[in-house]
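Student: Predicted coordinates and the sequence they were generated for:
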Amino acid sequence: MPFLRLMRIGALESRATMVARLSILLFIVGLFPGLAAAACEGAKTIRLHQPVTLDKTLQAQLRALPPLKVLALDSPPMVKYDASKQLYTGVAVDILCFVTRRLGIDFEIAAPDTTLTVADLIRRVQSGDADVFIPLSYSLKRAEQGYFTKDFYASYYAIIARKGSGILARSLDDLSELRVGYVSGFSLEPVLRERVPGAQLQAFSQWTNGGLFDALQAGQIDVAIFSQQVFTEKRYSHELFDLEIIHILYDEPRGYRFYFSTTPEHELLVEAFDRYLTAMDLSASLLAHQDGERTLLERYVSQRNRQTLLLAASVSAAILALFACVAVLRHRRLSRMLRERNAYIEAQHYALEEANHKLELLSQTDPLTLLPNRRYFDERGRQEYQRYLETGAPLSILIIDVDHFKTVNDAYGHATGDAYLRTLAQALSRVLVHDRGMAARYGGEEFTCLLAQTPADEALEIAERIRQDVEQLRLPNAAVEPGWVTISIGVATLVQGDAGLEALFAEADSQLYQAKRSGRNRVCAGVLG
C-alpha cells in the first residue's frame with residue numbers, strides 16, 4: 001500500500017497508531033527524496049451540503065487507476081509546503097485527500113523543485129509526465145492542453161510595492177511607465193503584456209530566493225503583480241513587512257482549480273471531482289489554513305516574553321550593583337529605559353499600521369462570500385462612470401437577486417443559505433474571469449456586477465450565462481418550482497448622455513423588478529441614452 005494511503009488511514013485510527021505510521025512514513029520519504037507527504041488530517045474539516053453519488057461503473061473505473069502523480073506549488077492557503085517536515089498542507093490538499101479517499105484512489109505528491117518555473121510544472125502535466133497540478137487558475141490556452149475542474153478557491157491579483165514608495169496605481173493601465181515584475185507562467189501574463197510595454201516587464205522563475213520579492217526589496221523593479229491572498233500569507237511567514245499591497249485588481253478575478261493531463265481516465269476523474277466540488281463547504285478548511293497572522297502573533301508573544309525576562313534580569317543586576325556604582329548604573333538604566341520605550345513605541349506603531357491595513361481590506365470585502373462589498377462597489381462605480389464620461393465607452397450594470405431565497409433559509413437553515421451564497425459568488429467569479437467585470441455582494445441575497453466598456457448586447461449575454469450557470473448548479477430548494485435555486489437579473493446599459501450613476505442603477509433595479517414580475521429565473525434589460 002503506498003505510503004500516502006497510510007497517512008489517510010492513520011487519520012481514522014488512534015493517536016498512538018497514527019504516530020507510529022507517521023514515523024514509518026517519514027522514513028520512507030527519506031528513502032525517496034523526490035516525494036513529499038500530504039497531511040490528510042485537514043480533510044476532516046470539509047463538509048458536504050448535499051450527498052454525492054456516482055455511477056458504480058464509474059467508481060470501478062476510477063478505483064483501477066494507478067496512484068496519481070501530483071505536482072504542487074507553494075501557494076498558501078491553497079497549498080503550503082513545510083520543508084523541515086517534507087509535508088504539504090492547505091485547502092487544496094484537504095480537498096485532494098477528501099475526494100481521493102472517497103473514490104478509492106491513491107496519490108503521490110512530488111517535493112518542490114525550485115529550479116522549475118510555474119510554466120515548467122504546467123508543461124509536465126500537459127506532456128503526461130505528471131497527472132495533476134495544484135493550484136492553477138483557469139485560462140483558455142491552458143484548457144486547450146489539459147482538463148480543469150471547477151473552481152475551489154477565488155482570489156485576486158494585487159499590485160505590490162515597497163512601503164513609502166509613493167506609487168499610486170489603481171489598474172494595470174497605470175503601470176505603463178513603471179518597472180513591473182511577475183512570476184513567469186502566471187495566468188495574467190497575456191493581459192499584462194497587452195497593457196505594459198515589454199521593455200518595462202521582468203519575469204522571475206520564483207517569488208523569493210533571488211526572485212520577485214527580493215528584486216522588489218532591492219529596488220530592481222518598482223512594483224510586483226502577485227496573488228493577493230498568497231502574498232498576505234507569505235508576508236507574515238517570511239516577514240516581508242517592507243512591502244505592501246497598494247491596489248487589488250478586483251476586475252481581474254482568478255478562480256483556482258485542479259489541472260489534469262488529457263487522458264480519457266482523467267476526463268472521468270474531473271467529472272467526479274466536479275461533483276464533489278459543487279457540494280463542498282470549505283469554510284472550515286479556509287479558516288484553518290489562513291494562519292499567517294496567527295503565526296506572526298505567536299512569534300511576537302514569544303519575543304515579548306523573552307524581552308520581559310531580560311528586563312527583569314537587568315533590573316536585578318542593577319539593584320545588586322547599585323551601591324558600588326550609583327552614578328554609572330543610573331545613567332545606564334535611564335539609557336536602557338529610553339531604548340526600550342522607543343522599541344515599544346516602534347512596535348505599537350507597527351501593530352497600528354498592520355491593524356489599519358487589515359481594516360482597510362476588511363472594509364472593502366464581504367466576509368461571507370469574499371467578494372467586494374457594497375462600499376467598494378459604489379466607489380468603483382463612481383470611478384467607472386467618470387471614465388465613461390471621459391471616453392464615451394458604454395457602461396453596464398447587473399443587479400442579481402436570488403429567487404425565493406427566504407424559503408431556502410426557512411427549509412434548510414441559515415448555514416445552508418450561507419453556503420448557497422458562497423457557491424453563487426463563485427459562479428459569478430467564474431463567468432467574470434473571462435469578461436473582466438467586477439462582482440460584489442450588495443446586501444442579503446442581492447449581487448451586483450459592474451461591466452466597464454461593455455455594450456448592451458454583451459452585457460445581456462453575460463447576464464444570461466450567469467443565470468444559466470446558477471441554474472445548472474441545481475442547488476436544492478424543494479419549497480418552490482422547479483425544485484432548485486434560480487436567479488433573476490436586471491441589466492442596464494448607459495450608451496450616451498450624462499444620466500448619472502444613480503439613474504443607471506435605478507434602471508437596472510427596474511429591470512430586475514420586471515424579471516421578477518414576469519415569472520423569475522430570467523433576464524430583463526434596458527438602455528439609457
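Tutor: Cool, got the structure.
Student: low-scoring stretches of the stretch 51-200 of the chain, by residue?
Tutor: Along the stretch 51-200 of the chain, no part satisfies pLDDT under 70.
Student: Check which helices and strands the helix or strand containing Cys449 sits against.
Tutor: Here Cys449 sits within strand 446-452, counting by DSSP states H and E. Other elements packing on strand 446-452 under the criterion 3 or more Cβ pairs under 8 Å, 6 or more residues apart in numbering; DSSP states H and E are helix 374-391, strand 395-402, helix 414-435, strand 438-443, helix 456-473. No exception for glycine: its C-beta is placed from N, CA and C like everyone else's.
Student: What strands flank it, and is each parallel or antiparallel?
Tutor: Note on strand 446-452: by DSSP bridges, its sheet partners are strand 395-402 (antiparallel), strand 438-443 (antiparallel).
Student: Tell me which residues of that strand come out buried.
Tutor: Glu446, Phe447, Thr448, Cys449, Leu450, Leu451, Ala452 (16 or more other Cβ atoms under 10 Å).
Student: Pull the residues that contact that strand.
Tutor: With Cβ atoms under 8 Å, 6 or more residues apart in numbering as the test, strand 446-452 has contacts from 251, 371, 374, 377, 380-381, 384, 387-388, 393, 395-402, 424-425, 428, 432, 435-442, 458-459, 462-463, 466.
Student: ok, of the residues you listed, which come out buried?
Tutor: 251, 371, 377, 380-381, 384, 388, 395-402, 424-425, 428, 432, 435, 437-442, 459, 462-463, 466.
Student: just to revisit the earlier point, columns distance to His331 and mean pLDDT on top of the helices and strands packed on strand 446-452, output as JSON lines?
Tutor: Shown next, in JSON lines, are the helices and strands packed on strand 446-452 (distance: least, Cβ to Cβ, whole Å; pLDDT from 0 to 100):
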{"stretch": "helix 374-391", "distance to His331": "54", "mean pLDDT": "94"}
{"stretch": "strand 395-402", "distance to His331": "69", "mean pLDDT": "97"}
{"stretch": "helix 414-435", "distance to His331": "62", "mean pLDDT": "88"}
{"stretch": "strand 438-443", "distance to His331": "60", "mean pLDDT": "93"}
{"stretch": "helix 456-473", "distance to His331": "72", "mean pLDDT": "95"}
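Student: can you redo those as CSV with distance to Val328?
Tutor: As requested, the helices and strands packed on strand 446-452 are exported to CSV (distance: least, Cβ to Cβ, whole Å):
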stretch, distance to Val328
helix 374-391, 58
strand 395-402, 73
helix 414-435, 65
strand 438-443, 64
helix 456-473, 76
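Student: Ok, which of those comes nearest Phe148?
Tutor: helix 414-435 (10.6 Å; Cβ to Cβ).
Student: who touches that closest one?
Tutor: Outside helix 414-435, the residues touching it (Cβ under 8 Å, 6+ apart) are 49, 138, 140, 150-151, 154, 253-255, 278, 281, 283, 368-371, 400, 402, 405, 408-409, 438-439, 441, 445, 447, 449, 451, 454, 458, 462, 465-466, 469-470, 473, 475, 485, 487.
Student: try it again with 6 Å
Tutor: 49, 151, 154, 253, 255, 281, 368-369, 371, 408-409, 439, 462, 465-466, 469-470, 475 (Cβ atoms under 6 Å, 6 or more residues apart in numbering).
Student: Any chance of a ChimeraX selection covering the buried ones in those residues?
Tutor: A single ChimeraX command selects the buried members of those (16+ other Cβ under 10 Å):
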select :49,151,154,253,255,281,369,371,408,439,462,465,466,469,470,475
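Student: A helix includes Ser314, no?
Tutor: Yes - under DSSP: H, G, I helix; E, B strand; the rest coil, Ser314 sits within a helix.
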